[in-house]
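Trainee: here is my input, please return the structure:
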Amino acid sequence: MTAARNTICLWYDGDALEAAQFYARTFPDSAVGAVHRAPADYPSGKEGDVITVEFSVMGIPCIGLNGGKAFRHSEAFSFQVATDSQAETDRLWNAIVANGGQESACGWCRDKWGLSWQITPRVLTDAVAGPDRAAARRAFEAMMQMGKIDVAAIEAAVRG
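Mentor: Residues are numbered from 1 along each chain as shown. I've put the predicted structure just below:
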């Protein structure tokens, strides 16, 4: 992987490599690159511990930093993944939740490291942003009742 000019740095408590490997297995166009080890002891680790991991998630360059317990992820940052089918939506959502993650509302879930994901079928985005405001409202109201997005229910809401 070539060093990107702008990279998302995600803070982990010693398990950045595990997270990067999970993302690489789960999301298309994702990979783990260089793994860097600490050249000396530091406040939350020892010399030789993994300190940073270069990886990409769906083509987005990231660095996982094993910084310790000082900071936690929040919903203020999330990856929004556009899906093309219910099968893809189910596969990604279920992979995150089944790997120690947590369901949330409106297509959101959180992985076991606390990072938030919006698994969003394109049919929902297209409906809510579309020119038919009544259909957009129905799709939005349907979404507000969901955890994982149900494509058939969104399509039915659009039809009225």
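
Trainee: measure stretch 97-116 end to end?
Mentor: End-to-end distance for stretch 97-116: 11 Å, by Cα to Cα, to the nearest Å.

Trainee: I'd like the numbering to begin with 26 instead of 1 from here.
Mentor: I'll keep to 26 as the first residue from here, and by that count the last item is stretch 122-141.

Trainee: what bridges to the most centrally placed residue in the chain?
Mentor: In the chain, the residue lying closest to the centroid (Cα atoms, centre = their mean) is W142, at 3.5 Å. Applying DSSP bridges to W142 yields these beta-bridge partners: F104, C134.

Trainee: same check on R62?
Mentor: Under the criterion used (DSSP bridges), R62 bridges to V75.

Trainee: so it makes contact with V75?
Mentor: Yes - using Cβ atoms under 8 Å, R62 is in contact with V75, at 5.9 Å. For glycine as for every other residue, the C-beta is placed from the backbone atoms N, C-alpha and C.

Trainee: looking at the two, which one has more neighbours?
Mentor: The neighbour comparison of R62 against V75 (other Cβ atoms under 10 Å) goes to V75, with 20 against 12.

Trainee: got a pLDDT number for the more buried one?
Mentor: With respect to pLDDT, V75 scores 97.

Trainee: quick one: it from K137, how far?
Mentor: From V75 across to K137, the span is 17 Å (Cβ to Cβ, to the nearest Å).
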